[in-house]
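S.K.: Model the following, please.
(one chain, ligands or ions: 1)
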Amino acid sequence: MTDFLVRRDDLRIHRTDDGEQTLASAAEGTVQFRVEGFGLTANNLTYAVFGDSYGYWRFFPAPEGWGRIPVWGFGAVSVSGVHGIVPGDRFYGYWPMSSFVTLRASPNRAGFVESSAARAPLPPVYNYYLRAVPEAGFEPGQDGASMIMRPLFTTAWLIADQLAANGWHGAEAAVLASASSKTAYATAWAIREHDDPPTLIGLTAAANVEFTEGLGVYDDVLTYDNIGALPADRGIVLIDMAGNADVRRQVHEVTHRVLRASIMVGATHWEGATFGVGDGLPGPRPELFFAPTVGQERAAALGPAAFAQRVGAAWLAFADRVPELIKIEHATGADALATAYTGFVEGKADPRKGLVFAL
Ligand SMILES: NC(=O)c1ccc[n+]([C@@H]2O[C@H](COP(=O)([O-])OP(=O)(O)OC[C@H]3O[C@@H](n4cnc5c(N)ncnc54)[C@H](OP(=O)(O)O)[C@@H]3O)[C@@H](O)[C@H]2O)c1
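M.R.: Presented below is the predicted three-dimensional model:
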């Protein structure tokens, strides 16, 4: 069985290892899963980029100096030492890039919580595993969309929800950097679902303009070398999925007199990406948006059931559209995964594709 590992000090280097063998039985309190499939997007590379600073290497142990990048997808129970969880049960959640993994599972109404001591200090959202049933928003035929998009969409929904609650910070336009990324265009989609949304302007690489325009969620799309064309005569909010220090500086310099808020969400431009606050840029101080924290706060404010219901309904509406936005491709094996992973590392991943893997 296989684990896909990357060097923590050089994310370009990867290797495969023998992973867990299938167990004949599981120790009490633990469950062994076959990782059925997982999505791969720039978000997973970002987990690796911030593996040390945000604790992403701590989810799944690896040999010294190596890391197992977390991914979102489905796991099927192979053997169980937990009452109420039986072989064949399927769960959606956070897995390593591996064929098999054993987790410590404490069942709850929705599925289970991964309850090993090492996980306790990590953001709770990553420790919740949901039964993959229609009542939890896992419709038959939408597995690919769920693996690739569901956590990104939840982030997008939270960004739109927070901005709307703040009256768009008084801005008339929102600028989304790395506009061809799934998190960015899902955010644009979620913003459009609100009353009186701001004008949406996407910033992207020249190679991705056609795709980004074709999504139909942006009012305007500009390339990174045309940031000077951003409007400077109306209030703007920057929603930054790129993390590119130069792009952020340029946007601040061009718009600082009208820039109402600068929100750092991602780091798709991972090499040299900055994610700190207080860069000394003109205009408002960039603020970090971290979905696990915002989601927890929003769930506490609305009540967990109402929160799940609202996000779930929005997700199902968006999931229906996913096949129009991306072509979902499934591949098996470490070689295919390595090729796709390198595509993200080198910035050559095709935004038209949504990639799903099994090892
Ligand atoms: N803060 C949070 O809580 C939170 C939650 C979810 C996601 N995120 C972050 O949001 C970002 C977007 O994630 P995603 O999964 O939606 O991305 P994605 O769809 O895989 O993004 C693909 C796009 O990213 C850019 N890109 C990818 N690799 C690149 C490279 N090596 N060099 C330059 N550009 C590259 C390109 O867009 P352009 O040409 O348009 O730049 C590409 O089309 C990630 O950094 C992710 O971690 C943050």
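
S.K.: how about the most centrally placed residue in the chain, what does it touch?
M.R.: By CA atoms, centre = their mean, the mean C-alpha position of the chain lies nearest to Leu152, the distance being 4.1 Å. Shown in contact with Leu152 (CB atoms under 8 Å, 6 or more residues apart in numbering): Thr41, Asn43, Lys182, Thr183, Ala186. Backbone N, C-alpha and C define where each C-beta goes, glycine included.

S.K.: What residues does the first one make contact with?
M.R.: Translated: Thr41. By CB under 8 Å, 6+ apart, the neighbours of Thr41 are Ile148, Leu152, Ser181, Lys182, Phe344, Gly354, Leu355.

S.K.: Swap in 7 Å and give it another go.
M.R.: Shown in contact with Thr41 (CB atoms under 7 Å, 6 or more residues apart in numbering): Ile148, Leu152, Lys182.

S.K.: What strand or helix carries the closest residue in space to the last one that isn't next to it in sequence?
M.R.: Just to be clear, that refers to Lys182. Distance criterion CB to CB, 6 or more residues apart in numbering; nearest residue to Lys182, sequence neighbours excluded, is Leu152 at 4.8 Å. Using DSSP states H and E, Leu152 sits in helix 143-165.

S.K.: Which strands border the helix or strand following that helix, and is each parallel or antiparallel?
M.R.: Next in sequence after helix 143-165, counting helices and strands by DSSP H and E, comes strand 173-177. Using DSSP bridges, strand 173-177 pairs in its sheet with strand 199-204 (parallel), strand 236-240 (parallel).

S.K.: can you tell which of those strands is closest to the ligand?
M.R.: strand 199-204 (3.4 Å; CB to the nearest ligand atom).

S.K.: quick one: Pro151 from the ligand, how far?
M.R.: Distance of Pro151 to the ligand, computed by CB to the nearest ligand atom, to the nearest Å: 6 Å.

S.K.: Phe357 now?
M.R.: 14 Å.

S.K.: List phi and psi for that residue.
M.R.: phi -130, psi 160 (degrees, to the nearest 10).

S.K.: hang on, it packs against Leu40?
M.R.: Yes. If you go by CB atoms under 7 Å, Phe357 and Leu40 touch, sitting 6.0 Å apart.

S.K.: First-to-last residue distance for stretch 155-173?
M.R.: Start-to-end span of stretch 155-173 (CA to CA, to the nearest Å) is 20 Å.

S.K.: tell me the mean pLDDT over it?
M.R.: The pLDDT scores in stretch 155-173 average 97.
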